[in-house]
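> predicted model and sequence below, questions to follow.
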Amino acid sequence: MNNIFVYIELEEGVIADVSLELLTKGRELADKLGVKLEAVVMGHNVAGVENELAKYGADTVWVADDEIFAPFRTLPHTSTLCGLIKAEQPQIVLFGATSVGRDFAPRVSAALRTGLTADCTQLEIGPHKDAKTGKEYENLLYQIRPAFGGNIIATIVNPDCRPQMATVREGVMRKQEMATPAAGEVKAIAWKEYISEADLAVTILDRQMEERKINIKGAGVIVAGGYGMGSKEGFKLCHDLAEVLGGEVGASRAAVDAGFCEHERQIGQTGVTVRPKLYIACGISGQIQHTAGMDQSSMIISINSDPEAPINKIADYAITGKVEEIIPKMIKYYKQNSK
């Protein structure tokens, strides 16, 4: 049976978190289908990377190790992966929805004349019946994502074209090492057979990279504010509470668009996806565009003046009241009880 491929994104030898998250999910899908999970690595001096990938379930690690693959260049990567896919015929190929993945995956999809679903929030295996022809399919990849501006959740299937391809945003899937590592068998990609001179037309002379100043993705506690905070000055209450709790500050798109907070803190479909131990939503209504980025939090507390706010449906605890009254009380009593 055809296996599952996961493209492993590397930056200066470091594996992207989203790639490990996809391996964890890929292992689950592969076990359900009864096939192998295979990782694809393209980079330079990547010896030993298979040990880390095996911890997350990779049965096989395909490796193309040469200086032409680092840093990332679209054309040689695309030709190499397309050649490998044609040779090995995987049924599913997964990419991280990073800047690299969003450039890379569509080119591979177009070259192979198959479909691609971007920014999936969930991946499952299941059957499908074509309503027009009545034809039934088994073990298709359900590619689940918000659609039409986040107003619905769409389940997309690709019955006839292979491989089934999807990108998944960082933080959406859980990253977890296996109790017993997989084999992690290394196989060399015959990349020289797939790359032409034209693929090497672009040369990267220099790169200017700036580290992310704000990183809320890894925070254990997030205090997020919405348009209900009222103003930029009112939004400061979120910073005050986050400081007391040792957490980070997040925001809804409405709060960012209103100028209450910088875009780097935006959580949701058009921001980052987080899964902290504690998520406190302050003045956030809870539209699906926002909840798509935080509904996997371990505990959710909502503070909202509207008892019927959608956020309350997914919250573990819902506090009804004005944020400008409740947050100062939370800060006061937390300080009293944490001495």
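Yep, that arrived.

> and the helix or strand where residue 123 lies, which strands flank it?
Using DSSP states H and E, residue 123 falls within strand 122-129. Using DSSP bridges, the strands paired with strand 122-129 are strand 136-147 (antiparallel).

> gap between the partner strand and the chain center?
18 Å (CA atoms, centre = their mean, to the nearest Å).

> just list the residues touching residue 256, thanks.
Residues near residue 256 by CB atoms under 8 Å, 6 or more residues apart in numbering: 262-263, 265-266, 271. Using the backbone N, CA and C atoms, a C-beta is placed for each residue, glycine as well.

> just the element for it, please.
Per DSSP H and E: residue 256 is located in helix 253-257.

> list the buried residues of the lengthiest helix in the chain.
For the chain, the longest helix by residue count, based on DSSP state H, is helix 17-33. By 16 or more other CB atoms under 10 Å, the buried positions in helix 17-33 come out as 17-30, 33.

> show me this protein divided up by domain.
In terms of domains, the chain is parsed into 4-200, 221-337 (source: automatic domain parsing).

> format these as CSV; extra columns: distance to residue 214 and mean pLDDT.
Below are the domains of the chain laid out as CSV (distance: least, CB to CB, whole Å; pLDDT from 0 to 100):
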stretch, distance to residue 214, mean pLDDT
domain 4-200, 14, 92
domain 221-337, 4, 92
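
> a markdown table for the ones you listed, including distance to residue 208?
A markdown table is the format used below for those (distance: least, CB to CB, whole Å):
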| stretch | distance to residue 208 |
| --- | --- |
| domain 4-200 | 12 |
| domain 221-337 | 18 |
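
> ranges for the strands of the stretch 51-200 of the chain?
With DSSP state E, counting those that start in this stretch as the criterion, the stretch 51-200 of the chain has strands at 60-65, 92-96, 116-120, 122-129, 136-147, 152-156, 164-168, 185-188.

> highest average neighbour count across the ones you listed?
Compared across the strands of the stretch 51-200 of the chain, strand 92-96 shows the largest average neighbour count, a mean of 28 (mean count of other CB atoms under 10 Å).

> what sits against the residue lying closest to residue 123 once chain neighbours are set aside?
Spatial nearest neighbour of residue 123, excluding adjacent residues (CB to CB, 6 or more residues apart in numbering): residue 25 at 5.9 Å. Residues near residue 25 by CB under 8 Å, 6+ apart: 94, 123, 168, 173-174.

> now those residues in a markdown table, with distance to residue 161?
Compiled in a markdown table, the contacts of residue 25 are given as follows (distance: CB to CB, whole Å):
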| residue | distance to residue 161 |
| --- | --- |
| 94 | 16 |
| 123 | 17 |
| 168 | 19 |
| 173 | 24 |
| 174 | 29 |
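
> give me the neighbour count for the residue nearest to residue 228 when sequence neighbours are not counted.
Among residues not flanking residue 228 along the chain, residue 283 sits closest, at 2.5 Å (CB to CB, 6+ apart). For residue 283, the count of nearby residues is 30 (other CB atoms under 10 Å).

> before we move on, what about the one 4 residues further on?
As a burial measure, residue 287 scores 20 neighbours (other CB under 10 Å).

> ok, it touching residue 310?
Yes - counting by CB atoms under 8 Å, residue 287 does reach residue 310; the two are 6.6 Å apart.

> helix, strand, or coil at residue 301?
Under DSSP: H, G, I helix; E, B strand; the rest coil, residue 301 falls in the strand class.

> so it makes contact with residue 279?
Yes - under the criterion of CB under 8 Å, residue 301 makes contact with residue 279 at 7.3 Å.

> quick one, which of those two is more surrounded?
Under the criterion of other CB under 10 Å, the comparison of residue 301 against residue 279 puts residue 279 first, with 28 against 18.

> residues contacting the more buried one?
Residue 279 sits in contact with 222, 224, 294, 297, 299-301, where contact means CB under 8 Å, 6+ apart.

> nearest spatial neighbour of residue 168, skipping sequence neighbours?
In space, and not counting its chain neighbours, residue 168 is closest to residue 120: 5.0 Å by CB to CB, 6+ apart.

> roughly how far apart are the residue nearest to residue 170 when sequence neighbours are not counted and residue 28?
Leaving aside its chain neighbours, residue 170 sits nearest to residue 18 (4.0 Å; criterion: CB to CB, 6+ apart). Separation of residue 18 from residue 28 (CB to CB, to the nearest Å) stands at 16 Å.

> what does stretch 218-227 contact?
Residues contacting stretch 218-227 (CB under 8 Å, 6+ apart): 216, 235, 237-239, 241-242, 245-252, 254-255, 258, 260-261, 267, 274, 276-285, 290, 294, 297, 323.

> my guess is residue 161 meets residue 113, correct?
Yes - at 7.0 Å, residue 161 counts as touching residue 113 under the criterion of CB under 8 Å.

> neighbour-wise, which of the two wins?
Between residue 161 and residue 113, counting by other CB under 10 Å, residue 161 is the more crowded of the two (12 against 7).

> what are the phi and psi values for the more buried one?
phi -90, psi 140 (degrees, to the nearest 10).
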